[in-house]
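Colleague: Need coordinates for the below:
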Amino acid sequence: MKRLLIATALMATMATGAVSEQVTLGINAASVTQLDPHVSTKLADKVVFGMMFNGSVRFAPGSMSADDIEPDLAESWTRSDDGLVWTFKLPKVFSFMAGMVS
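Modeller: The predicted model follows:
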């Protein structure tokens, strides 16, 4: 289904000659069973989460190497000497479930 949507979008762009800054993605909603990332175990759900939620950090585009971790929401982060505690500095503009950044 994903390939069909991408192919259709490409054909429409080629037919009209129009180039757009906007990309529209589609997914079969029947495949999505849960919108709680802490509960879900389904791959289709995780694909949707990737489009909906950000993390503190992310892999650099095109990489899956731990050497290529870059900021996503976090401005910076530090690791304790023993490697057990990670501290992420987040911008003050973010609000979480409790309504405040801690």
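Colleague: can you give me the strands for the chain?
Modeller: For the chain, the strands defined by DSSP state E cover 57-59, 69-71, 76-79, 86-89.
Colleague: Quick check: can you name the pairing partners of the second one and their directions?
Modeller: In other words, strand 69-71. The strands beside strand 69-71 in its sheet (DSSP bridges) come out as strand 57-59 (antiparallel).
Colleague: Mind listing what's buried along the strand it pairs with?
Modeller: Arg58 (16 or more other Cβ atoms under 10 Å). In short, each C-beta sits where N, CA and C put it, glycine included.
Colleague: Contacts made by it with the rest, please.
Modeller: Residues outside strand 57-59 that contact it (Cβ atoms under 8 Å, 6 or more residues apart in numbering): Ser65, Asp68, Ile69, Glu70, Pro71, Asp72, Ala74, Trp77, Phe88.
Colleague: export the strands of the chain to TSV and tack on distance to Lys46 and mean pLDDT?
Modeller: Shown next, in TSV, are those (distance: least, Cβ to Cβ, whole Å; pLDDT from 0 to 100):
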stretch	distance to Lys46	mean pLDDT
strand 57-59	14	91
strand 69-71	19	93
strand 76-79	23	94
strand 86-89	22	93
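Colleague: Quick check: which of the ones you listed is buried the most?
Modeller: strand 57-59 (a mean of 15; mean count of other Cβ atoms under 10 Å).
Colleague: Quick one: distance of it to the chain centre.
Modeller: 9 Å (Cα atoms, centre = their mean, to the nearest Å).
Colleague: if we can go back for a sec, ok, of the contacts of strand 57-59, which one's closest to Val47?
Modeller: Closest approach between these and Val47, by Cβ to Cβ: Asp72, at 17.3 Å.
Colleague: isn't that closest one right next to Gly50, touching?
Modeller: No: the criterion here is Cβ atoms under 8 Å, and Asp72 misses it with Gly50 at 11.5 Å.
Colleague: Looks like Thr33 contacts Asp45 (just checking).
Modeller: Yes: contact between Thr33 and Asp45 holds when scored by Cβ under 8 Å: they sit 6.0 Å apart.
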